[in-house]
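Undergrad: this one's sequence-less:
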């Protein structure tokens, strides 16, 4: 894989290919020292884009260790950075702070849109195909995990006097509903029963996480638009981001050229689109 400096340069090149202004945004951040990407001893874990509202140039923090996940994190946080740049001139600071259904739409959409230019990162065709497959499979698997976490959270608070054993059973039933039946957990049953502990949202922000599922569906729809008409899709995507939080979430999604819709029919339509794209790789 890549060292963090090489990854940054390739990310800038990739964003330039998506739209020149997006590459310029990353270059501005690089020039200002607003990118802390490499992993080092004592550095806090995680990754995020932090908007600096006074100057309008955000800061990206992450821990690059030379894996494919680094690439996804970089383009994801780069999507947040684009959002920060295009809302910098909104008159009221609170308008720049959007709910996750909108904020994650910006970042998750860029994961998929940028994928059309991942040849910058992968010169080997087989590596490129594998990376794209992983990304699309993740887009669908993420929806299942989010659904499981959301249902489990509801059970926890609807049953406040439950025991540890009851909680583990509840999670087991939930994850079985949303996971593949192909995986053999023999000998690792206890690990499976504690998987929910990996999701920090359950501990830190109760009932927060379903928004990521909403945004993931929106991102798939934005990417579908991009596949059909790249420039129009980017114009709509950017117009939606520029609204900040001056409009309702459904209005922002409509501006992006997509629906704030979670019907079974619409979800299946988007999932089928991803599956069809997988088959083309």
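TA: Done, it's in. Note that the structure is predicted; figures quoted are calculated from it, not measured.
Undergrad: From here on, just use CA atoms for contacts and neighbour counts.
TA: Noted.
Undergrad: Tell me the first helix or strand C-terminal of the longest strand belonging to the chain.
TA: With secondary structure taken from DSSP state E, the chain has its longest strand at strand 59-64. Counting by DSSP states H and E, the next helix or strand C-terminal to strand 59-64 is helix 68-86.
Undergrad: and the angle from that next one to strand 59-64?
TA: 180 degrees (axes from the mean of the first three to the mean of the last three C-alpha atoms, to 10 degrees).
Undergrad: and helix 68-86, what does it pack onto?
TA: When contacts are defined as 3 or more C-alpha pairs under 8 Å, 6 or more residues apart in numbering; DSSP states H and E, helix 68-86 sits against helix 4-18, helix 20-31, strand 48-50, strand 59-64, helix 100-114, helix 230-242.
Undergrad: Which positions within it qualify as buried?
TA: By 16 or more other C-alpha atoms under 10 Å, the buried positions in helix 68-86 come out as 70-86.
Undergrad: ok, and for whichever helix or strand residue 148 is part of, which residues are buried?
TA: Assigned by DSSP H and E, residue 148 belongs to helix 125-158. Of the residues in helix 125-158, 128-129, 131-133, 135-136, 139-140, 143-153, 155-156 count as buried by neighbour count, 16+ other C-alpha under 10 Å.
Undergrad: Count the residues that sit near the closest residue to residue 60 other than its chain neighbours.
TA: Once flanking residues are discounted, residue 60 sits nearest to residue 49: 4.4 Å by C-alpha to C-alpha, 6 or more residues apart in numbering. By the measure other C-alpha atoms under 10 Å, the count of residues near residue 49 is 21.
Undergrad: For residue 90, see how far away the residue most central in space within the chain is.
TA: Among the residues of the chain, the one closest to the centroid is residue 108, at 3.5 Å (C-alpha atoms, centre = their mean). Going from residue 108 to residue 90 by C-alpha to C-alpha, to the nearest Å gives 23 Å.
Undergrad: Residue 23: neighbour count?
TA: 20.
Undergrad: and it, what is it in contact with?
TA: With contacts defined as C-alpha atoms under 8 Å, 6 or more residues apart in numbering, the neighbours of residue 23 are 12, 13, 14, 15, 16, 17.
Undergrad: which residues touch the fourth one?
TA: Residues counted as contacts of residue 15 (C-alpha under 8 Å, 6+ apart) are 22, 23, 114.
Undergrad: from memory the last one sits against residue 75, does it?
TA: So the one you mean is residue 114. Yes. When contacts are counted by C-alpha atoms under 8 Å, residue 114 is listed as touching residue 75 (7.2 Å).
Undergrad: Mutual contacts of the two, please.
TA: By C-alpha under 8 Å, 6+ apart, no residue touches both residue 114 and residue 75.
Undergrad: what's near enough to touch residue 142?
TA: residue 213.
Undergrad: any idea how far residue 138 is from residue 168?
TA: For residue 138 relative to residue 168 (C-alpha to C-alpha), the value is 25 Å.
Undergrad: hmm, I was thinking of residue 159
TA: Applying C-alpha to C-alpha to residue 159 and residue 168 gives a distance of 13 Å.
Undergrad: which of these two has more neighbours?
TA: residue 168 (17 against 11).
Undergrad: Thought residue 191 was touching the more buried one, still the case?
TA: No. In this structure residue 168 lies outside contact range of residue 191 using C-alpha under 8 Å: 10.7 Å.
Undergrad: which regions of the stretch 151-281 of the chain sit below the pLDDT cut-off?
TA: Along the stretch 151-281 of the chain, no part satisfies pLDDT under 70.
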